[in-house]
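Here is a sequence together with a model predicted from it:
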Amino acid sequence: MVRLKGSVSVESDPGQGTVFRLRLPLTLAIIKAILFRVEHRLYAVPLNSVAEMTRVHQTDIHLVDGHEVTQLRKEVLTLVRLGRPAEASREKLFVLVVSHAGQKLGLVVDELPAGRTGD
């Protein structure tokens, strides 16, 4: 974060949750990103970190060592939820597969705004 000339702050309330705030210089606003929503909040991930976008059936999600995982093309993908678990009535979930340093992770998101990237 120091190399980007930004800052990170963390606020935690026991039993309530934790808020992470990232502050970055405006010059980073030119980075192309994919936007998505979780619990009505808008988030962005750099487009070059996104390996793919997919949908996953609820029935294909399993709990292994306390972590939600799914199988994607013969590979076990750990899933991360940025909010509360989705309603059980939702049959399929949107998953953004992000890649960093050779590792892949699936971000479970509520909504991918159609045709919206940070161009």
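Sure thing, it's come through. Residues are numbered from 1 along each chain as shown.

Using neighbour counts, pick out the buried residues of stretch 99-111.
For stretch 99-111, the buried set under the neighbour-count rule, 16 or more other CB atoms under 10 Å, comprises Leu105, Gly106, Leu107, Val108, Val109, Asp110. C-beta here means a position set from N, CA and C on the backbone, and glycine is covered the same way.

Check stretch 49-66 too.
Residues of stretch 49-66 classed as buried under the neighbour-count rule (16+ other CB under 10 Å) are Val50, Thr54, Val56, Ile61.

doesn't Gln71 make contact with the last one?
Yep, that's Ile61 we're talking about. No - counting by CB atoms under 8 Å, Gln71 is not a contact partner of Ile61; they are 9.8 Å apart.

hmm, back to that, in strands, which of the buried residues of stretch 99-111 appear?
Assignment to strands by DSSP state E places the following of these there: Leu105, Gly106, Leu107, Val108, Val109.

In CSV, list these along with distance to Leu22 and pLDDT.
Formatted as CSV, the entries for these read as follows, by distance: CB to CB, whole Å; pLDDT from 0 to 100:
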residue, distance to Leu22, pLDDT
Leu105, 17, 94
Gly106, 21, 95
Leu107, 16, 94
Val108, 20, 92
Val109, 18, 91
